[in-house]
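Chemist: What follows is a predicted protein model with its sequence.
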Amino acid sequence: MTILVTGATGTVGQHVTDLLVKRGMPVRALTRNPGQAKTKLPEGVQIAAGDLMKPETLREVMQGVEAVFLITSSDEPEADLDTDPQVVALAEAAGVKRVVVLVGFEEGPVEAALQASGMQWTLVKPAEFMANVLADWRDMIRTEGIVREFYGEALSARVHEGDIAAVAVRALLEDGHHGRTYALTGPEALTRKEAVRTIAAAIGKDIPFVELTEEEARQQWRDQGYDEESVEFFVQMAKNTPEAGYTVLPTTLQVLGRPARTFAEWAKEHKQEFL
């Protein structure tokens with residue numbers, strides 16, 4: 001049973017790949033940069049070049065694949081990923097039996113195409129990744145010992161990327177997940193200020209929180225490479241966070257039989273990255 005993992009070097013994809021390898025499953029990793037992927041993936045993973053925005057590049061990649069972990073977009077500014085829904089038809093034509101989709105902010109054409117297909121499907125819809133704080137705060141904490149952030153009271157039920165991957169792997173390997181949509185959160189909702197204090201406790205250092213004005217925050221995101229649409233989205237998400245962003249759900253416990261991991265656990269796992 002060969003499993004195709006798209007986004008295999010990404011935040012969740014690396015965890016999915018590692019878990020599948022540990023289960024002894026043959027993994028084919030799709031990447032636009034095979035040379036870079038070799039340095040990030042476990043030994044024994046088959047690396048295949050292809051582009052989710054160019055379905056014609058995936059015909060050979062799909063051959064012999066029974067299940068697919070599919071991403072539709074990326075939260076990295078430079079990634080420029082918007083998966084073509086024709087990928088779904090290509091997978092079905094190649095004989096793929098089961099697809100698990102990591103859903104972005106909302107469902108789109110890929111999810112609709114999958115639900116209309118004859119394949120088994122599962123949607124995994126996580127809240128904010130805990131790992132996002134690495135991109136947002138790591139460099140500031142390492143170099144300046146502070147966090148400059150907008151709207152410190154914004155709540156988030158951040159979810160451990162390893163838990164997202166574990167749920168996805170269950171759905172890839174086990175029966176009983178067809179037609180299910182799994183909304184995933186961590187076990188608690190923390191404000192941005194509380195999240196910074198949690199990192200401070202993990203590394204044993206005080207980390208002052210400096211509240212940015214809205215215009216200062218907008219400029220910071222622009223400097224990080226985000227376009228104006230994304231910047232506006234970030235501002236509105238902070239000021240008017242949807243309930244789904246901070247409402248704690250028991251999905252991880254229901255699917256995996258164990259509680260979701262806390263942000264404090266995540267911070268301890270990654271403390272060296274903040275030092």
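Modeler: That came through fine. Numbering: from 1, shown residues only.
Chemist: would you list every one of the helices in the protein?
Modeler: 13-22, 34-38, 59-62, 86-93, 109-115, 132-133, 139-144, 161-173, 192-203, 214-223, 228-239, 243-246, 251-256, 263-269 (DSSP state H).
Chemist: ok, which stretches of the stretch 1-150 of the chain are strands?
Modeler: For the stretch 1-150 of the chain, applying DSSP state E, counting those that start in this stretch gives strands covering 2-6, 27-31, 46-49, 65-71, 98-102, 120-126, 147-150.
Chemist: which strands and helices sit next to the third one?
Modeler: If I follow you right, that is strand 46-49. In this structure, strand 46-49 packs against strand 27-31, helix 34-38, helix 59-62, with contacts taken as 3 or more CB pairs under 8 Å, 6 or more residues apart in numbering; DSSP states H and E. In this view, the C-beta of every residue, glycine as well, is placed from N, C-alpha and C.
Chemist: The first one now?
Modeler: Under the contact criterion of 3+ CB pairs under 8 Å, 6+ apart, the helices and strands touching strand 2-6 comprise helix 13-22, strand 27-31, strand 65-71.
Chemist: got a markdown table for these, with mean neighbour count and mean pLDDT too?
Modeler: A markdown table is the format used below for the helices and strands packed on strand 2-6 (neighbours: other CB atoms under 10 Å; pLDDT from 0 to 100):
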| stretch | mean neighbour count | mean pLDDT |
| --- | --- | --- |
| helix 13-22 | 21 | 96 |
| strand 27-31 | 25 | 95 |
| strand 65-71 | 24 | 97 |
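Chemist: so can I have CSV of those showing distance to Gly225?
Modeler: Putting these into CSV (distance: least, CB to CB, whole Å) gives the following:
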stretch, distance to Gly225
helix 13-22, 21
strand 27-31, 21
strand 65-71, 20
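Chemist: and of the ones you listed, who's closest to Ala200?
Modeler: helix 13-22 (25.5 Å; CB to CB).
Chemist: So what's the gap between the closest one and the chain middle?
Modeler: In terms of CA atoms, centre = their mean, to the nearest Å, the centre of helix 13-22 is found 13 Å from the chain centre.
Chemist: Please apply the same query to stretch 88-96.
Modeler: From the chain centre to the centre of stretch 88-96 is a distance of 24 Å (CA atoms, centre = their mean).
Chemist: which residues are in contact with that stretch?
Modeler: Contact with stretch 88-96 is made by 4, 55, 58-59, 62-63, 65-68, 99, 110, 113-114, 117-119, as judged by CB atoms under 8 Å, 6 or more residues apart in numbering.
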